[in-house]
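A.B. asks: Need a 3D model of the sequence below.
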Amino acid sequence: MTATPVTVSITRSVPPERAREFAAWARAGENLMSQFPGYLGSGWVRPDPESPEWHMLLRFADEPSLRAWENSSERGWWVGTIKEFAANQRVEERTGIEGWFDEPSRVDVIAPPPPAPPRWKQMIAIILVFYPLSLGTNAVIDPFTDGWPLVLRVLLLVLIVSPIMTYLALPFVTRALRPWLMKGRV
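C.D. replies: Purely as a prediction, here's the structure:
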């Protein structure tokens, strides 16, 4: 069984006048995390320079690696140094690619994430959507893009196909294939 990467989304509220201190604190934490086995990366973003909200994503190779970081004395010390001026607003754990793209929802208690389907099954589901959609879209746009450079034809295809895949086709196919995708995982 392959390890599933875990993404943790954290939102902290920081008074804007303490932003520089918080940025230094965040860099120190990223430096500490980077020393732990299984650490895959992290980063902080703010919606705008005056916002009190800071959003962090941190990613570990698997749940044991994440738990080792969470239970470490280094993390305990690091988190303890920020309590005087920053507060957690929400924390959420995700596995799979959705951890990088979904908007986090408020989670008060962290429960184990639902198991993700094996990557090979995810790949088959994507191919089942992408191939016919790409083929059909190419057939429709070909008469209008005859003579266009390849780069522009592919760009147009991607601009048409990506939203259809993301919002319509993939959700439909993953719902239809859910029993097969999740077989043995639930």
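
A.B. asks: Worst mean pLDDT across the helices and strands of the protein, which element?
C.D. replies: helix 98-101 (a mean of 46; mean pLDDT, DSSP states H and E).

A.B. asks: Quick check: next helix or strand after it?
C.D. replies: Remark: after helix 98-101, the chain's next helix or strand is helix 119-145, criterion DSSP states H and E.

A.B. asks: can you pull the buried residues of that following helix?
C.D. replies: K121, Q122, I124, A125, L128, V129, L133, T137, N138, T145 (16 or more other CB atoms under 10 Å). In short, each C-beta sits where N, CA and C put it, glycine included.

A.B. asks: For it, enumerate the helices and strands it packs against.
C.D. replies: Packing contacts for helix 119-145, counted by 3 or more CB pairs under 8 Å, 6 or more residues apart in numbering; DSSP states H and E, involve helix 150-164, helix 170-181.

A.B. asks: quick one: which of these is nearest P64?
C.D. replies: helix 170-181 (24.5 Å; CB to CB).

A.B. asks: Helix 119-145 and that closest one, what's the angle between them?
C.D. replies: Put simply, helix 170-181 runs at 150 degrees to helix 119-145, going by axes from the mean of the first three to the mean of the last three CA atoms, to 10 degrees.

A.B. asks: for this protein, what are the low-confidence residue spans?
C.D. replies: Within the chain, the ranges that satisfy pLDDT under 70 run 1-2, 85, 87-114, 185-186.

A.B. asks: Would you list the phi and psi of the residue lying farthest from the centre of the chain?
C.D. replies: Distance from the C-alpha centroid of the chain peaks at G147, with 38.3 Å (CA atoms, centre = their mean). The phi and psi values for G147, taken as degrees, to the nearest 10, are phi 90, psi -10.

A.B. asks: So if we follow the domain assignment, how does the chain break up?
C.D. replies: Annotated domains of the chain cover 6-101, 119-181 [automatic domain parsing].

A.B. asks: that older thread, and the residue farthest from the centre of the chain, how far from L135?
C.D. replies: 21 Å (CB to CB, to the nearest Å).
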